[in-house]
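A.B. asks: Next come a sequence and a model predicted from it.
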Amino acid sequence: MENTNLNFENKTILVAGAAGFIPSHLSEFYLQLGAKVIGLDNFITGSRSNIELLTKYSNFEFHEVNIIEGIPQIKEPIHYIFNMASPASPVDFARIPLEIMRVNSEGTLHLLEVARDHHARFLEASTSEVYGDPKIHPQVEDYVGHVQINGPRSCYDESKRFAEALTYSFRTRFGVDTRTVRIFNTYGPRMRPNDGRVVPNFINQALRGEAITVYGDGRQTRSFCYVSDLVDALHRVMFSSDHTPFNIGNPEERTILEAAQAIIEILDSKSKIIFKPLPVDDPTHRCPSLKKLQQATDYRPQVGFRDGMLKTAEYFRSMSTHL
Ligand code: UDP
């Protein structure tokens, strides 16, 4: 692994999707290390409040743009690019499928062209969804996946697979210095409360004492990573010397029903659990193999489920008092 304790004072980092949940934390991480961070977002799913938070740092610059249309001319040298610009919640897949497909194809193309022109290192934030409904478990990076081409998740899964292939091709065709990560389920403060994903739904339902909506029989599994661990993993991969894909996340797997029960207990909630229909093509199992990441970067997640859920609940509580 390369030295991650770099001096960032003279480095410029471009973060596409900076108003989003994970990228806003990532941007703040580098701002605190003294880097100049240039954020791009069109707020299709990102939050203005996240950008307001980042603009408190004098080394942050923001451009409201849709990267599908192109990237604003940036004169200064860019050293690192994180492509984090894509809606990623299953509720978005039904609402804005074409925007998702375009940002992961045309938007990614535009960013890769900037990386090529600036000789910047480029990290593609791909997803565990490239494995589809996986037939091997836990998922290892060389598994090619089991993905539905025509279905409610296809707009995301297939366009992320395309984005990975595009990244690969810019490496082979133009020698762009690329990295690829596949992000597994991540949660924490700054998620949208109405994001539709399981953690904001369950926490907000538990806080309000409303019924917790488990889809299907709740036996499907996920592995939840707290956002600061995810940022750490992103950083480690960006500064590793290996350009092949890395899973990033937390390998502690639980069923969705267990997650619901645990959240009720952790938050000392009176909520009951109710069952709702399972969405089409909902993956039955998901758990990252982190062997490759751990061997290459010494990554170990630091925040456990209980602490992470408490911090996230605290955030949603503070949000509701500001409404
Ligand atoms: N889920 C659930 N209740 C909810 C929201 C989600 O049971 O209110 C389930 C969903 O069916 C899936 C898992 O939780 O099996 C994770 O869903 P999420 O939308 O967070 O993301 P995914 O991992 O499916 O992309």
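C.D. replies: Perfect, I can see it now. Residues are numbered from 1 along each chain as shown.

A.B. asks: use CA for all of it now, contacts and neighbours both
C.D. replies: Fine.

A.B. asks: Show me what the lowest-mean-pLDDT helix or strand in the chain is packed up against.
C.D. replies: Of all helical and strand segments in the chain, the minimum by mean pLDDT, DSSP states H and E falls on helix 305-322, at a mean of 91. Judged by 3 or more C-alpha pairs under 8 Å, 6 or more residues apart in numbering; DSSP states H and E, helix 305-322 is in contact with helix 198-208, strand 225-226, helix 256-266.

A.B. asks: tell me the angle of it relative to helix 198-208?
C.D. replies: Angle of helix 305-322 versus helix 198-208, following axes from the mean of the first three to the mean of the last three C-alpha atoms, to 10 degrees, is 60 degrees.

A.B. asks: Sort out which residues of helix 305-322 are buried, please.
C.D. replies: Along helix 305-322, these residues count as buried under the neighbour rule (16 or more other C-alpha atoms under 10 Å): F305, G308, M309, L310, T312, A313, Y315, F316.

A.B. asks: burial count for the spatially closest residue to P200 that is not a sequence neighbour?
C.D. replies: Nearest non-adjacent residue to P200, counting by C-alpha to C-alpha, 6 or more residues apart in numbering: P193, 5.4 Å away. P193 is flanked by 17 other residues according to other C-alpha atoms under 10 Å.

A.B. asks: now swap in the one 3 residues further on and tell me
C.D. replies: The number of residues packed around G196, counting by other C-alpha under 10 Å, is 14.

A.B. asks: Now do the same contact list for it.
C.D. replies: By C-alpha atoms under 8 Å, 6 or more residues apart in numbering, G196 lies in contact with S89, P90, V91.

A.B. asks: of those, list those near the ligand.
C.D. replies: Checked against the ligand using C-alpha under 6 Å from any ligand atom, the contacts of G196 yield the following neighbours: P90.

A.B. asks: taking the contacts of G196 one by one, which sit in strands?
C.D. replies: Cross-referencing the contacts of G196 against strands under DSSP state E gives no overlap.

A.B. asks: Need the contacts of G196 in JSON lines (columns: pLDDT and neighbour count).
C.D. replies: Compiled in JSON lines, those are given as follows (pLDDT from 0 to 100; neighbours: other C-alpha atoms under 10 Å):
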{"residue": "S89", "pLDDT": "96", "neighbour count": "15"}
{"residue": "P90", "pLDDT": "94", "neighbour count": "16"}
{"residue": "V91", "pLDDT": "94", "neighbour count": "15"}
